[in-house]
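Q: With the sequence up front, the predicted model follows.
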There are 2 protein chains.
Amino acid sequence: MGPDSSQDAQTVSQMGEFGLIDRVISGREQSPGTLIGPGDDAAVLAAPDGRVVATTDVLVENVHFRFDWSTPHQVGRKAVAVNLSDIAAMGAVPTGLLVGLGCSPDLPTHVVDELSAGMWEEAQQVGIGLVGGDMVSAATLTISVTALGDLQGRAPVTRAGARPGDVVAVAGRLGWAAAGLAVLGRGFRSPVAVVGAQRVPEPPYAAGPLAAAAGATSMVDTSDGLLADLGHVADASKVAIDIRAELLEVPQRLTEVASALGADARHWVLTGGEDQALAATFPPDRPLPEGWRQIGEVAEGSGVTLDGAVYEGTTGWEHWR
Amino acid sequence: MGPDSSQDAQTVSQMGEFGLIDRVISGREQSPGTLIGPGDDAAVLAAPDGRVVATTDVLVENVHFRFDWSTPHQVGRKAVAVNLSDIAAMGAVPTGLLVGLGCSPDLPTHVVDELSAGMWEEAQQVGIGLVGGDMVSAATLTISVTALGDLQGRAPVTRAGARPGDVVAVAGRLGWAAAGLAVLGRGFRSPVAVVGAQRVPEPPYAAGPLAAAAGATSMVDTSDGLLADLGHVADASKVAIDIRAELLEVPQRLTEVASALGADARHWVLTGGEDQALAATFPPDRPLPEGWRQIGEVAEGSGVTLDGAVYEGTTGWEHWR
């Protein structure tokens, strides 16, 4: 199939696998570290550190996103963002993405175009590209993204290094996506600030490597919600984490939205996922790096508390429950 | 949910995301190069070469596999094999796998157990493990695997380096999986040799790095079928490739099966995918490495021919067509 007929094709079936891949890839600029990009059996990326960081997340239509709530472009950005956030949470910088796309033969080609444009836009915010992938036929639109990263000589920051006495801090927004989800769930499309946060997270990518360079002892991204993900840190590090309510900012905008919906803004901040904020622990004796704000302390013991008490309510979100 | 109740859970919904991940991962041995394995935001693998090879393939139930034809264990092996084959086709050795699994809440837990056992069995054949992944709810069982690899100081072997005068050679089986597919498609379950080849490929993993070390000028895995994949090499290298029929082995077993089905065994050898054989081009002046056999030559021009003539018939398999 020549390029001319490809231009006119209306569905992925008419476009064909190779035409579609070409459409996602052609004309895009790869990073200097992409030694071999799309089109071969595998990609080859520079790994100057001698180690490679790797993570994968799968997004399924009507489970992780809905096209009546989000555009394909927004879904593409989110699919990439949730993976880049995991790279940042190790203290690494991303180097490349691989995308497995399962879609129906009947899917209009423009949906793939917009999805890939969204993925590229988010990727290019951090200077990387889509270096490889696979496109297959699937009844449900399924986007599986793998992100690779480089530690730039730093030690990876795991969930297991928090020590009693450390400061607990966060970078990025908390509760905004949960507020947006609540709004969308009631059938509203505004306020745009919270709905937009649900559609496309704004992870604090740079804050991850900054935290690692500043000596963070543990770090996690808050995709399951702040309390749940700090729970993972507490478990892995065998420590207790206490959040101080007075330090936990509840943005005025969220309070307003919660008031309108009869909801609890602080609950969104404590348990909402999908903002992809970062949470980390730092030694107590030095200033926090840019973009980080203290919310609590690490102590001996186990579990996560709010002002010393177990928080009553769901502590995050688990699939299939 | 404690470990005791997890043991008794019958579906992935009852098990929950974290219980299920624990079940896939726990008790497994990771490779020495796995610096951080499953359980954190991302995995960290050694990349001693300073470059990392990466590829991803997605398998969807009833598109790429059927549980009335294959067991979950066989599907798990195949999902890993098709990715490891791509790593080999660059001349690299695999270092780790990430797996995104989308499955229904109603899926029996033992299916996940068998799938993951198959994935681990294939992975451990080459000394690696599942270092990370994601498990999500999806209506259709979807397995997306990303494989990473290391070039061990060798140049990657792309599709673009074939030169006129080079020898064309293959390693691994050709046509066996296609024969098995034909048998299964007629409702038979034997001969086991060809049906087994369709269920689980046996890619010649070691032949990839051997070819790279022997100076292979181009290499590809034949997942789309020999003619189609050599077509990719011809296009990328801007050369013509001629296969000599007298050099192209058509195994007696395939001839027998084809005869019984009224099919053409050579057609399977030329166009069948899924055996994950490797095809490569080598300089003409040196012996082929172990496991490789010549099937033709590279010339100036374009396209792929059989004894100088265009092969009449489909040249491979494309999604959505």
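A: Done, it's in. Numbering: from 1, shown residues only, chains lettered A, B, ... in the order given.
Q: Look up phi and psi at the closest residue to residue A:116 other than its chain neighbours.
A: In space, and not counting its chain neighbours, residue A:116 is closest to residue A:24: 4.2 Å by C-beta to C-beta, 6 or more residues apart in numbering or on different chains. Every C-beta, even on glycine, is put in place using the N, C-alpha and C of the backbone. Main-chain torsions, residue A:24, degrees, to the nearest 10: phi -70, psi -30.
Q: give the contact list for residue A:24.
A: A:99, A:112, A:116, A:130, A:133, A:135 (C-beta atoms under 8 Å, 6 or more residues apart in numbering or on different chains).
Q: I'd guessed the fourth one sits against residue A:120; true?
A: Yes - here residue A:130 lies in contact with residue A:120, judged by C-beta atoms under 8 Å, at a distance of 6.7 Å.
Q: who touches both of the two?
A: Shared contacts of residue A:130 and residue A:120, counting by C-beta under 8 Å, 6+ apart, come down to residue A:28.
Q: how near is the nearest residue to residue A:64 once chain neighbours are set aside to residue B:259?
A: Take residue A:64 and drop its neighbours on the chain: the residue closest to it by C-beta to C-beta, 6+ apart is residue B:136, 7.1 Å away. Between residue B:136 and residue B:259 the computed distance is 46 Å (C-beta to C-beta, to the nearest Å).
Q: These two - which one has more neighbours?
A: residue B:136 (20 against 11; other C-beta atoms under 10 Å in any protein chain shown).
Q: Provide the backbone phi and psi angles at the more buried one.
A: Dihedral angles (degrees, to the nearest 10) for residue B:136: phi -140, psi 160.
Q: give me the beta-bridge partners of it?
A: residue B:102 (DSSP bridges).
Q: so what's it up against?
A: Each residue near residue B:136 by C-beta under 8 Å, 6+ apart is listed here: A:58-60, A:63-64, A:319, B:100-102.
Q: Quick one: the helices in the stretch 1-150 of chain A, in order.
A: A:3-8, A:12-15, A:17-25, A:72-89, A:109-125 (DSSP state H, counting those that start in this stretch).
Q: which one of the ones you listed is the most hemmed in?
A: Counting by mean count of other C-beta atoms under 10 Å in any protein chain shown, helix A:72-89 has the highest mean neighbour count of those, with a mean of 27.
Q: picking that back up, state the distance from the residue nearest to residue A:116 to residue A:84.
A: Distance from residue A:24 to residue A:84, by C-beta to C-beta: 18 Å.
Q: For residue A:26, the count of nearby residues, please.
A: 10.
Q: Actually, residue A:154.
A: 18.
Q: Repeat that for residue A:300.
A: When neighbours are counted by other C-beta under 10 Å, residue A:300 comes out with 10.
Q: same deal with residue A:147?
A: 31.
Q: contacting residues for the closest residue to it other than its chain neighbours?
A: Among residues not flanking residue A:147 along the chain, residue A:83 sits closest, at 3.8 Å (C-beta to C-beta, 6+ apart). With contact set as C-beta under 8 Å, 6+ apart, residue A:83 has these partners: A:55-57, A:97, A:145-147.
Q: Now do the contacts for the residue in the stretch 101-250 of chain A that chain B sits nearest to.
A: Nearest residue of the stretch 101-250 of chain A to chain B: residue A:144, at 3.8 Å (C-beta to the nearest C-beta). Applying C-beta under 8 Å, 6+ apart, we find residue A:144 in contact with A:56-59, A:99-102, B:56, B:58, B:100, B:134, B:142, B:144.
Q: want to throw those residues into a markdown table with pLDDT and distance to residue B:89?
A: A markdown table is the format used below for the contacts of residue A:144 (pLDDT from 0 to 100; distance: C-beta to C-beta, whole Å):
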| residue | pLDDT | distance to residue B:89 |
| --- | --- | --- |
| A:56 | 97 | 21 |
| A:57 | 96 | 26 |
| A:58 | 97 | 25 |
| A:59 | 97 | 28 |
| A:99 | 97 | 20 |
| A:100 | 96 | 18 |
| A:101 | 96 | 21 |
| A:102 | 96 | 23 |
| B:56 | 97 | 14 |
| B:58 | 97 | 18 |
| B:100 | 96 | 22 |
| B:134 | 94 | 26 |
| B:142 | 97 | 24 |
| B:144 | 97 | 19 |
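Q: would you turn those into JSON lines with distance to residue A:277?
A: Formatted as JSON lines, those follow (distance: C-beta to C-beta, whole Å):
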{"residue": "A:56", "distance to residue A:277": "20"}
{"residue": "A:57", "distance to residue A:277": "16"}
{"residue": "A:58", "distance to residue A:277": "21"}
{"residue": "A:59", "distance to residue A:277": "19"}
{"residue": "A:99", "distance to residue A:277": "24"}
{"residue": "A:100", "distance to residue A:277": "27"}
{"residue": "A:101", "distance to residue A:277": "27"}
{"residue": "A:102", "distance to residue A:277": "29"}
{"residue": "B:56", "distance to residue A:277": "28"}
{"residue": "B:58", "distance to residue A:277": "30"}
{"residue": "B:100", "distance to residue A:277": "23"}
{"residue": "B:134", "distance to residue A:277": "19"}
{"residue": "B:142", "distance to residue A:277": "29"}
{"residue": "B:144", "distance to residue A:277": "26"}
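Q: Restricted to buried residues, select those residues in PyMOL.
A: Buried residues within the contacts of residue A:144, by 16 or more other C-beta atoms under 10 Å in any protein chain shown, are selected in PyMOL with:
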select buried, (chain A and resi 56+57+58+59+99+100+101+102) or (chain B and resi 56+58+100+134+142+144)
